[in-house]
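A.B. asks: task: produce atomic coordinates for the following.
(2 chains)
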Protein chains: 2
Amino acid sequence: MPKKAIVIASGGLDSTVLTYHLKSKGFDVHMISFNYGQKHLKELQYAARTASKLGLRHNIIDLSSLNKLLGHSALTDPFTEVPNGHYAAANMSITIVPNRNMMMLSIATSIAIAEQAQCIAIGVHAGDHFIYPDTRPVFIESFQQTITIANEGFGDLDLYVYAPYLHTVKAGIVAEGEILGVPFEDCWSCYKGGNLHCSKCGTCVERKEAFEIANVKDKIVYENYYNSETLHS
Amino acid sequence: MPKKAIVIASGGLDSTVLTYHLKSKGFDVHMISFNYGQKHLKELQYAARTASKLGLRHNIIDLSSLNKLLGHSALTDPFTEVPNGHYAAANMSITIVPNRNMMMLSIATSIAIAEQAQCIAIGVHAGDHFIYPDTRPVFIESFQQTITIANEGFGDLDLYVYAPYLHTVKAGIVAEGEILGVPFEDCWSCYKGGNLHCSKCGTCVERKEAFEIANVKDKIVYENYYNSETLHS
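C.D. replies: Below you'll find the predicted structure:
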């Protein structure tokens, strides 16, 4: 019987490539996505599209009742604008949703135990460490320790957090996605959640940079950004 | 300015006494409760009653979309009966909702950070350690470490998990509640969630035992249980 993995799938690039990665490794993959009131809620449709293409089970966990309690993150607060600029810039800290990965991983753990899965997978990568403390290796290690203690003695629990991009930059994820044949147009990155990718917010800037470094052609169309390869492809 | 505490308030005895405890210590208390599809959802009305009596902010976090993903815990699965008997008995393990405390504490952490609270309070106690691994001191310590790492550098974070009953048996909580003047009839314990407390499930058995040991009169009426003090009070 194949090993089972619960993957936290936002519909973005990292977790979509991770989903293809898990499938290529023979895991039985169950995708879970979270609605925490993010402005770019449309990313969840992209997660659903990947699930449908790969024939995977997919659930959206509704945490929207939390939205009003999560403070003024630019990702959720209608009165705080999503900043433009490079991901690693100081002003990006307002895109932090406090303790978000820990919340999502804790819920994924509950589901994994209920389904006797062996693996919880998350697409955190080295480029995030500047800004999000809950993407660092030290966090993943500590989280692993805590869930092991929290669920000790529960059946034959042998559950591990799998974060294969923990030491990889985003360009490396793009390169892997290219090898795995990921349709990159199925990945939504923009934090603003408009009709097209804005090309200016942290995740858009990061995405463009990653494809350039990896020397891979992206198929999405950006707003306000002349991308000759995109336009002619 | 008083210190702020986010308390995980189920509407049960432990967290209700804890809420009074925090108030008596001068905390600005924000109560949060969770709907995870438990059969004894009526406990949340009891939490709301305490909030109203004490004039505290209270939010119910809706995790009901998780219900179908949490497996066959007797607390949530309509096809698995809540067992009768003593809390510490082997058959009580089917009342485990996997990783429940970790989920609730992780969400409480997010809210605490957003509200710049200093304290996350939870009513876990020594009597739970037999059956629920996520009520043990070793879990609380590990969780504290993980949230500190997960949110490092986020403002002037100085957040601690406060679990004052970690080494106390339930009778001790009853004794403290008596001193604090907690109206025990505002605490719902029964896992079955019927009209009256059933007197037979793990939490009912535990509650009766705790009041007997503490030599305190409980004011609730049990079904199928002749309690002379209750009937004549």
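A.B. asks: check the residue nearest to residue A:133 when sequence neighbours are not counted and give its pLDDT.
C.D. replies: Distance criterion CB to CB, 6 or more residues apart in numbering or on different chains; nearest residue to residue A:133, sequence neighbours excluded, is residue B:152 at 4.5 Å. Every residue, glycine included, has its C-beta placed from N, CA and C. As predicted, residue B:152 sits at a pLDDT of 86.
A.B. asks: what segments of chain A are strands?
C.D. replies: In chain A, the segments counted as strands under DSSP state E are A:4-8, A:28-35, A:57-62, A:119-121, A:160-162.
A.B. asks: tell me the mean pLDDT for the longest one?
C.D. replies: Looking at strand A:28-35 alone, the average pLDDT works out to 96.
A.B. asks: what lies in contact with it?
C.D. replies: Here strand A:28-35 makes contact (CB atoms under 8 Å, 6 or more residues apart in numbering or on different chains) with A:1-11, A:19, A:22-23, A:41, A:43-44, A:47-48, A:50-51, A:54, A:56-64, A:104, A:107-108, A:111, A:115, A:117, B:69.
A.B. asks: what are the pairing partners of that strand, and which direction each?
C.D. replies: strand A:4-8 (parallel), strand A:57-62 (parallel) (DSSP bridges).
A.B. asks: give the residue farthest from the middle of chain A.
C.D. replies: residue A:153 (30.6 Å; CA atoms, centre = their mean).
A.B. asks: check what pLDDT residue A:67 gets.
C.D. replies: With respect to pLDDT, residue A:67 scores 83.
A.B. asks: low-confidence bits of chain A, can you list those?
C.D. replies: Chain A contains residues with pLDDT under 70 at A:72, A:74, A:78-79, A:87-96, A:154-157, A:225-233.
A.B. asks: rerun that using 80 as the cut-off
C.D. replies: Along chain A, segments meeting pLDDT under 80 span A:39-40, A:71-97, A:128-131, A:153-157, A:224-233.
A.B. asks: the helices in it, which residues?
C.D. replies: Assigned by DSSP state H, chain A shows helices spanning A:13-24, A:43-54, A:100-114, A:137-150, A:170-180, A:202-214, A:228-232.
A.B. asks: how about the fourth one and chain B, any contact?
C.D. replies: Looking back up the chat, that one is helix A:137-150. Yes: using CB under 8 Å from any CB of the partner chain, helix A:137-150 comes into contact with chain B via A:138-139, A:142-143, A:145-147, A:149-150.
A.B. asks: can you put the strands of chain A in JSON lines and add mean neighbour count?
C.D. replies: JSON lines is the format used below for the strands of chain A (neighbours: other CB atoms under 10 Å in any protein chain shown):
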{"stretch": "strand A:4-8", "mean neighbour count": "25"}
{"stretch": "strand A:28-35", "mean neighbour count": "22"}
{"stretch": "strand A:57-62", "mean neighbour count": "17"}
{"stretch": "strand A:119-121", "mean neighbour count": "24"}
{"stretch": "strand A:160-162", "mean neighbour count": "18"}
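A.B. asks: out of those, flag the one nearest residue A:129.
C.D. replies: Proximity to residue A:129, assessed across those by CB to CB, is greatest for strand A:160-162 (16.2 Å).
A.B. asks: is chain B within reach of the closest one?
C.D. replies: No: using CB under 8 Å from any CB, strand A:160-162 stays clear of chain B, with a minimum separation of 11.6 Å.
A.B. asks: elements contacting that strand?
C.D. replies: strand A:119-121, helix A:137-150 (3 or more CB pairs under 8 Å, 6 or more residues apart in numbering or on different chains; DSSP states H and E).
A.B. asks: out of the ones you listed, deepest packed?
C.D. replies: Counting by mean count of other CB atoms under 10 Å in any protein chain shown, strand A:119-121 has the highest mean neighbour count of those, with a mean of 24.
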